[in-house]
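Novice: Just a sequence and a predicted model for now, questions to come.
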Amino acid sequence: NTQPLIINGILMGLFGVIISLSSSCFRFNLFFVITGSLSGIAQLVVMEYYGTAPPALGASGAGFALLGYLVVANPAGDYLSGKAIIGLVVIGASVITIYFSPPGSGIMAHFSGAVIGMIAGRFHLLNTES
């Protein structure tokens, strides 16, 4: 089934291009590898607990991390308090995951990727000007 690969490509193409405009090639690729790895590990650990751990590469988790980064790393996000950011991360990552995750996909990888991306976005980790 090639649908997940196509969706991951769309995520990377759409959100990756926007983020790459303010980031270096090294930071962007490192972010992709780290968030993909961490979200893939989260998927395996959590789903193994339930006995339903499918193999995961983490690319979709990295795509969701890019989406989460864009949600928080904007000028409006700089004016929010710490508690508001925590609420935004939990609610935002949940909404992003539920809305964009197709049935049977790595929902835990998507959620953890979105959370990691939102945290990175709060600190503007990909911005080369920070």
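Specialist: Structure received. Here the structure is a predicted model, which is why all the values come from computation and not from measurement. Numbers count the residues shown, from 1 in each chain.
Novice: give me phi/psi at residue 106?
Specialist: Phi and psi for residue 106, reported as degrees, to the nearest 10, are phi -80, psi 80.
Novice: So for it, what's the nearest residue that isn't a sequence neighbour?
Specialist: Leaving aside its sequence neighbours, residue 106 sits nearest to residue 43 (Cβ to Cβ, 6 or more residues apart in numbering; 4.6 Å). For glycine as for every other residue, the C-beta is placed from the backbone atoms N, C-alpha and C.
Novice: Same check on residue 119?
Specialist: In space, residue 119 is closest to residue 89, 6.7 Å off (Cβ to Cβ, 6+ apart).
Novice: repeat for residue 60
Specialist: residue 8 (5.2 Å).
Novice: Please list all residues in contact with that neighbour.
Specialist: Residue 8 makes contacts with 59, 60, 63, as judged by Cβ atoms under 8 Å, 6 or more residues apart in numbering.
Novice: Which members of those residues occur in helices, if any?
Specialist: 59, 60, 63 (DSSP state H).
Novice: Hmm, the second one is touching residue 4, no?
Specialist: Spelled out, it's residue 60. Yes. Counting by Cβ atoms under 8 Å, residue 60 does reach residue 4; the two are 6.5 Å apart.
Novice: quick revisit: tell me the buried residues in the one helix or strand the residue nearest to residue 106 maps to?
Specialist: Element membership for residue 43, per DSSP states H and E: helix 25-49. Within helix 25-49, the residues that count as buried by 16 or more other Cβ atoms under 10 Å are 27-28, 31-32, 35-36, 38-40, 42-44, 46-47.
Novice: All set now, cheers.
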